[in-house]
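1. Give me coordinates for this.
(4 chains)
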2 protein chains.
Amino acid sequence: MSDVSNKNMKMTPQRIAIMKYLDGNTAHPSAADIYVALQEQFPTMSLATVYNTMETLKQQRVVVELSIDPGKKRFDPNTQPHHHLICIKCKTVLDIFVDFPLPLSDRETGGFQILGNRVDFYGICKTCGDTPREMIQTNR
Amino acid sequence: MSDVSNKNMKMTPQRIAIMKYLDGNTAHPSAADIYVALQEQFPTMSLATVYNTMETLKQQRVVVELSIDPGKKRFDPNTQPHHHLICIKCKTVLDIFVDFPLPLSDRETGGFQILGNRVDFYGICKTCGDTPREMIQTNR
DNA sequence: TACTTGACAAGAACGTTTCTTAGATAATAT
DNA sequence: ATATTATCTAAGAAACGTTCTTGTCAAGTA
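-> As a prediction, this is how the structure comes out:
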């Protein structure tokens, strides 16, 4: 993903900035996160542009959209299949690159054509587990 | 769940109706789904009441909130651990009751205290696979 | 009876996402 | 070089889904 170029989409300064911001980013940012992060660099860029760009990047399979957070889309620049550890307190999402065998028989799928899977583990992250409740700052 | 009574919460006609509607319901309805389904029976009930009730039922562990649908919460009256088959076309969600071993080493979790997991399979359901594109009606 | 508590409807408010419009920019063809 | 076309952008409006606030009512308690 570190190559910021693509023949299938027009590369504009805004898109390049968004892709650079996402490159190597493991925080699974939302559209609003991306928007505020690039505010300084592009004070005139609107949220709609972020959404449009993310939609384009999604279609180009440069990012994956996550529905981990209720009421908020978050994006993952890592398009390799991997799973997530989600902290139910601070909503931090960590990547895990373990491949689990998930066999399903035809009887279980019942004509359903399976294209992919997603495994989410939820629990308490190290920070939230170690830190007294009143000191935890939820990111989102 | 078929027992519509609970000592920890006041049972009102609205709540009883919502619980009855959810009982055995495998469609994973959203708040709006529940609201419109009960419109005829309770024309004066507001959407806020549905949300309040679902929050209460969630805390009583009568339902589980799903973040399967981006931008929409859906609820599952089946609180037994199970996984989901999600059709990416019509958003139908089917339950599967298979238990997969999902071992994670301490190195992989890195201090993360795991409380549960969720496995979502996504693909094309039988109906959407069999039916020509222009005839498919997306439920949501 | 008075007091307290919880639930309700109604609508306002909020956050997220999509849509619409008009103007700017780049690619292609003339 | 100029015209044409398509694409991208900002800006704001609009549409959702969800939460919050307010006033009202009913049930339970002292």
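2. What residues does chain A have near chain B?
-> Selection of chain A residues close to chain B by CB under 8 Å from any CB of the partner chain yields A:65, A:67-71, A:73, A:85, A:87-88, A:94, A:96, A:98, A:100-102, A:104, A:108-126, A:129-130. The C-beta positions use only the backbone N, C-alpha and C, and glycine is treated the same way.
3. I'd guess residue A:67 is in a strand, am I close?
-> Yes. When DSSP: H, G, I helix; E, B strand; the rest coil is applied, residue A:67 is found to be in a strand.
4. Any idea how many residues pack against it?
-> The tally of other residues near residue A:67 (other CB atoms under 10 Å in any protein chain shown) stands at 19.
5. I'd assumed residue B:69 was in contact with it.
-> Yes. Applying CB atoms under 8 Å, one finds residue A:67 in contact with residue B:69, separated by 6.8 Å.
6. Can you tell me the SS state at residue A:25?
-> Here residue A:25 is coil, with the state taken from three-state DSSP.
7. tell me the contacts of the closest residue to residue A:87 other than its chain neighbours?
-> Of all residues beyond its chain neighbours, the one nearest residue A:87 is residue A:125 (3.8 Å), with distances taken as CB to CB, 6 or more residues apart in numbering or on different chains. Contact analysis of residue A:125 by CB atoms under 8 Å, 6 or more residues apart in numbering or on different chains lists A:85, A:87, A:89, A:90, A:92, A:94, B:111, B:112, B:113.
8. Tell me if residue A:56 really is in a helix.
-> Yes. Judged by three-state DSSP, residue A:56 forms part of a helix.
9. How about the contacts made by the residue nearest to it when sequence neighbours are not counted?
-> Excluding the flanking residues, the one nearest residue A:56 by CB to CB, 6+ apart is residue A:9, at 5.7 Å. Going by CB under 8 Å, 6+ apart, residue A:9 touches A:15, A:56, A:60.
10. between these, which has the most around it?
-> Using other CB under 10 Å as the neighbour criterion, residue A:15 leads the contacts of residue A:9 with 19 neighbours.
11. how about that one, phi and psi?
-> phi -70, psi -40 (degrees, to the nearest 10).
12. I'd assumed residue A:54 was in contact with it.
-> No. Taking contacts as CB under 8 Å, residue A:15 lies outside contact range of residue A:54: 10.1 Å.
13. Just the pLDDT for the residue nearest to residue A:87.
-> Residue A:125 is assigned a pLDDT of 90 by the prediction.
14. Roughly how far does it sit from residue A:29?
-> 17 Å (CB to CB, to the nearest Å).
15. Residue A:9 too?
-> Using CB to CB, one obtains 20 Å as the distance from residue A:9 to residue A:29.
16. one step back: in ChimeraX, how would I select the buried members of the residues of chain A next to chain B?
-> Entered in ChimeraX, the line below selects the buried ones among those, by 16 or more other CB atoms under 10 Å in any protein chain shown:
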select /A:67,68,69,73,85,87,94,104,109,112,117,118,119,120,121,122,123,124,125
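17. restrict the residues of chain A next to chain B to contacts with DNA strand C.
-> A:71, A:73 (CB under 7 Å from any atom of the strand).
18. closest point of chain A to DNA strand C, which residue?
-> At 3.1 Å from DNA strand C, residue A:73 is the closest residue in chain A, using CB to the nearest atom of the strand.
19. Tell me where chain A is predicted with low confidence.
-> A:1-8, A:131-140 (pLDDT under 70).
20. Swap in 80 and give it another go.
-> Residue ranges of chain A with pLDDT under 80: A:1-10, A:130-140.
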